[in-house]
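J.: Generate coordinates for the sequence data below:
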Amino acid sequence: MITPNKSGRALKSVLAAATLAGTVTLSACGGEADTAVEEVAGTIPGMSIENPRMVLNAVEGNPAAVYFKLKYDADRGLSIATAEVAQAGSSTLHDYGEYDFKVQMMEALPITLTKGTEVEFKPGGLHVMAFDPSPELKPGSKAEVTLRVSGGQTHTFEAEVLAAGDERAAATGDEG
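T.: Residues are numbered from 1 along each chain as shown. Alright, predicted model coming up:
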């Protein structure tokens, strides 16, 4: 025998199933519009990287730094959450800030990008630190750098590996 309480639960189950089916149908329709946007694997539409370079430390095994100029020209706002260097043990986004009345290097907060944003990763400012770099990284080789943004999407590019003190290390994107 079905009591009012049991029939209420049965009705809720039927309504929940109908709602779920409608959601799946709507998301399937919404997916068709998304496929019209042409995306290149491993990149974020509207994001471009200029003058990417990794500068090795003068002492082998010490952290290296990655510098580049980033331009973002898509309508959708996002933020860079992390950075990874394939040939390093670990990597972090670093910046300089004041703490305890001293300017020092620290982990960077997420970097917000909106249409028209240009961000320069440069010595003395925002940069990617590559800890425990592979001994295979030598001047003239390439390092694979991946930026991960809010939502998990990634943008991968290659950075030329430079020796410590290489004159191009201080370039701001106008040369090299």
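
J.: just so I have it, where are all the helices in this structure?
T.: Here the chain has its helices, by DSSP state H, at 4-34.

J.: longest strand anywhere in it?
T.: strand 88-99 (DSSP state E).

J.: what helices or strands is that strand leaning on?
T.: strand 64-72, strand 78-85, strand 102-107, strand 127-133 (3 or more Cβ pairs under 8 Å, 6 or more residues apart in numbering; DSSP states H and E). Where you see a C-beta, it was placed from the backbone N, CA and C, and this is true even at glycine.

J.: now for the last one, which elements pack on it?
T.: In other words, strand 127-133. strand 64-72, strand 78-85, strand 88-99, strand 142-149.

J.: what stretches of this protein score poorly on pLDDT?
T.: 1-40, 167-176 (pLDDT under 70).

J.: how does it look with 80?
T.: 1-41, 167-176 (pLDDT under 80).

J.: Residue 79 is in contact with residue 110, isn't it?
T.: Yes. Applying Cβ atoms under 8 Å, one finds residue 79 in contact with residue 110, separated by 4.1 Å.

J.: got any residues that touch both of these two?
T.: Common neighbours of residue 79 and residue 110, using Cβ atoms under 8 Å, 6 or more residues apart in numbering, are residue 150.

J.: ok, how many other residues are close to the nearest residue to residue 44 once chain neighbours are set aside?
T.: In space, and not counting its chain neighbours, residue 44 is closest to residue 155: 4.4 Å by Cβ to Cβ, 6 or more residues apart in numbering. Counted by other Cβ atoms under 10 Å, the residues lying close to residue 155 total 22.
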